[in-house]
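Engineer: Just need the structure, nothing else, for what follows:
(chains A and B)
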There are 2 protein chains.
Amino acid sequence: MSISLDPDDSVVVLAHGKFPERAKTAIGVLRYADYDVTAVLDRDRAGETVADHVPDVPDTPIVESMDAALDVADPDALVIGIAPIGGGFDESWRPDVRTAIEAECDVIAGLHYFLADDEEFAALAAERGVDLIDVRRPPEDLTVSEGRARDADAEVVLTVGTDCSTGKMTTTLELVAAARDRGIDAGFVPTGQTGIMIAGWGTPVDRVISDFAAGAVERMVLDAAPDHDVLFVEGQGTIVHPAYSGVTCSLLHGSMPDSLVMVHSAGRDVIHGYEDYAIPPVETYVDLYEGLAAPVAPTTVAAGALDTRTFDDDDVAAREAVDAYATALDAPATDPVRFGADEVLDALL
Amino acid sequence: MSISLDPDDSVVVLAHGKFPERAKTAIGVLRYADYDVTAVLDRDRAGETVADHVPDVPDTPIVESMDAALDVADPDALVIGIAPIGGGFDESWRPDVRTAIEAECDVIAGLHYFLADDEEFAALAAERGVDLIDVRRPPEDLTVSEGRARDADAEVVLTVGTDCSTGKMTTTLELVAAARDRGIDAGFVPTGQTGIMIAGWGTPVDRVISDFAAGAVERMVLDAAPDHDVLFVEGQGTIVHPAYSGVTCSLLHGSMPDSLVMVHSAGRDVIHGYEDYAIPPVETYVDLYEGLAAPVAPTTVAAGALDTRTFDDDDVAAREAVDAYATALDAPATDPVRFGADEVLDALL
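Structural biologist: Okay, the predicted model is just below:
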């Protein structure tokens, strides 16, 4: 999957009814993508701006429709920045997508429903010469891992977690940015739909046939390694997840990382969406990830990242939580968003 | 996936050029399926019989073609009992498949290439009213695991292994047979193409989208549990496999077994096909499988199965190897094919 967006391109991000709290992809794109966002579509917040809700990102108007967004600027693409449960296409978005295609914008989506398979959109896109890019559609030529990622000519760092949605993508991107700030040639290996939209390439490992999941990761690592000195691989799920542990395991053995960063969300004590399943002590995760890696490609948890947003603006409490987390891990830790990624970067490189 | 074969139906098994050593599916069907095999197709061994090569299964002629097989009996189906590397369709089989369909036989295959998508076969099958059954095509309505297999109203036993092709399917089927011999209502949960062909139902977990792999296993366990007192779930791969560990992990967390049977192949010291990867001591596997299960659904390795075919007919050496394996596992062990499954069944039920 490769998206033809350059740093000087610009996009509109659709987030109807969900901006900002339930628009993880929209926020990720606003915060980390190289390309500009000229407007966010949320008909419930039209007239507000991104800065009213999200600090530390370039401000952008929130408008009610693609028509209104075209009055603001002349974007290159429309990005679908939200996903309903189940990953379907919300028919209320159809006029915006139609307008975008008619305005010769590419449309980029990470839904289970593929826009390129939609008859109306496919016909219109062909007529206007624009691309419908479904980042969740895996390549068709994937195959099994050959067990070669440990030969990659780059240092490989993988984020692993105690649960889904603990901040693995954010941690990975903050580490890439911190490394680049130091002049290190760092690459980002995206493995989920938001990461792929941000980076413009990648394979959605959770959508790959399970036999080929490690192979998909291996291929990305081997493809990216020659171009960088360090690769930061976006992790997925957790090794003790009742539903997604297989994806996590494939990432661990497919990427064969030199080191791991353990990502946790402060205060989380049960698996998100599976509340009958307790999150064990972080020491248990260290043993499991390192133990599982050892016979294939030994690695260690070299650092930790803790999402401390639960402490709001209480930096003192957040710092205490990070310190306690570092002690439990027996490794340096930080909240990369609140405190920066510098301290953990030293432990990794 | 459900195959409409009854115990009084009969099949022909295609194994051109590969019978018996490289025809794992053909041997599995001959040994364990309820339905009869009226002929094996292997043009290199035409005129021989199955008993010339495989002990302890009903004897069956080996013939050169489907035409010749129809002279022997009037079968209900043709089973493709071999798979080339990559799972493609070998065009040299086309006349046999065509002849089978023309004779109103269903055709059952476990290839990556789906017979139902082959234009000639699809048209001919429609004309003759027969089914083309691709057991490797997963159901389209799979979804994520809900973490409910631990509520299954049956004892659940999962086979796990030190590598691929160590005898997990064979061990599982021998345990089912031994349990049924005792009058126990035991069910077999098939997770790979050969198991599915033998049982007539099941989902090929390695072909499922990785996000849904645990969910596919969970569904099979929950569907089968009400009909049985004990379920024996066919394991796949190994948790330390460079390519397939994700499938194994999904089986462990998807099935939430009450106990595990560790299956090893005597003398194997490197991962099959990945010879740079050593097989660690069996104690390491016990720690990994039990450790990984613990936070989700605790279980223990309650017994072991060792494939001792490497000792040929030296039962004394085989017994010594089994005893040493049991000591390392700290659990009862057997070679279920050579010595029967009774001793380990006691440890499981």
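Engineer: Which positions in the stretch 201-349 of chain A make contact with chain B?
Structural biologist: A:205-211, A:213-215, A:239-250, A:252-253, A:274, A:276-280, A:284, A:287-288, A:291-292, A:294-296 (C-beta under 8 Å from any C-beta of the partner chain). All C-beta spots, glycine's among them, are computed from the backbone N, C-alpha and C.
Engineer: all strands in chain A, in order from the N-terminus.
Structural biologist: A:10-14, A:36-41, A:62-63, A:77-80, A:106-109, A:132-134, A:155-161, A:186-189, A:230-233, A:259-265, A:270-271, A:274-278, A:300-307, A:333-334 (DSSP state E).
Engineer: For the ones you listed, give me TSV that also has mean pLDDT and mean neighbour count.
Structural biologist: Below are the strands of chain A laid out as TSV (pLDDT from 0 to 100; neighbours: other C-beta atoms under 10 Å in any protein chain shown):
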stretch	mean pLDDT	mean neighbour count
strand A:10-14	97	27
strand A:36-41	96	24
strand A:62-63	98	24
strand A:77-80	96	27
strand A:106-109	96	26
strand A:132-134	95	22
strand A:155-161	98	26
strand A:186-189	97	24
strand A:230-233	98	26
strand A:259-265	98	25
strand A:270-271	98	18
strand A:274-278	97	14
strand A:300-307	98	24
strand A:333-334	98	27
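Engineer: Can you add distance to B:Arg338 and give the ones you listed back as JSON lines?
Structural biologist: What follows is those, written out as JSON lines (distance: least, C-beta to C-beta, whole Å):
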{"stretch": "strand A:10-14", "distance to B:Arg338": "63"}
{"stretch": "strand A:36-41", "distance to B:Arg338": "67"}
{"stretch": "strand A:62-63", "distance to B:Arg338": "71"}
{"stretch": "strand A:77-80", "distance to B:Arg338": "59"}
{"stretch": "strand A:106-109", "distance to B:Arg338": "56"}
{"stretch": "strand A:132-134", "distance to B:Arg338": "52"}
{"stretch": "strand A:155-161", "distance to B:Arg338": "42"}
{"stretch": "strand A:186-189", "distance to B:Arg338": "47"}
{"stretch": "strand A:230-233", "distance to B:Arg338": "45"}
{"stretch": "strand A:259-265", "distance to B:Arg338": "43"}
{"stretch": "strand A:270-271", "distance to B:Arg338": "43"}
{"stretch": "strand A:274-278", "distance to B:Arg338": "41"}
{"stretch": "strand A:300-307", "distance to B:Arg338": "42"}
{"stretch": "strand A:333-334", "distance to B:Arg338": "53"}
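Engineer: Domain-wise, how is chain A divided?
Structural biologist: A:10-134, A:149-348 (automatic domain parsing).
Engineer: Tell me the gap between the last one and the middle of its chain.
Structural biologist: The one in question is domain A:149-348. Going by C-alpha atoms, centre = their mean, to the nearest Å, the spacing between the C-alpha centre of domain A:149-348 and its chain's C-alpha centre is 11 Å.
Engineer: what about that domain, start to end distance?
Structural biologist: End-to-end distance for domain A:149-348, by C-alpha to C-alpha, to the nearest Å: 18 Å.
Engineer: quick one on the thing from earlier: A:Asp323 is nearest to which of the strands of chain A?
Structural biologist: Ranking the strands of chain A by proximity to A:Asp323 (C-beta to C-beta) places strand A:333-334 first, at 7.8 Å.
Engineer: ok, back up a step: Serialize the domains of chain A to CSV and add fields for distance to B:Asp67.
Structural biologist: CSV is the format used below for the domains of chain A (distance: least, C-beta to C-beta, whole Å):
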stretch, distance to B:Asp67
domain A:10-134, 43
domain A:149-348, 36
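Engineer: Give me the buried entries from the residues of the stretch 201-349 of chain A next to chain B.
Structural biologist: Neighbour-count burial (16 or more other C-beta atoms under 10 Å in any protein chain shown) applied to those gives A:205-211, A:213-215, A:239-250, A:252-253, A:274, A:277, A:279-280, A:284, A:288, A:291-292, A:295-296.
Engineer: neighbours of the residue nearest to A:Pro226 when sequence neighbours are not counted, just the number please.
Structural biologist: In space, and not counting its chain neighbours, A:Pro226 is closest to A:Asp153: 6.1 Å by C-beta to C-beta, 6 or more residues apart in numbering or on different chains. Neighbourhood size, A:Asp153 [other C-beta atoms under 10 Å in any protein chain shown]: 10.
Engineer: A:Asp153 is in contact with A:Ala225, isn't it?
Structural biologist: Yes - assessed by C-beta atoms under 8 Å, A:Asp153 is found in contact with A:Ala225 at 5.0 Å.
Engineer: residue contacts, the closest residue in space to A:Asp269 that isn't next to it in sequence?
Structural biologist: Leaving aside its sequence neighbours, A:Asp269 sits nearest to A:Ile279 (C-beta to C-beta, 6+ apart; 5.5 Å). A:Ile279 makes contacts with A:162-163, A:240, A:268-271, B:295, as judged by C-beta atoms under 8 Å, 6 or more residues apart in numbering or on different chains.
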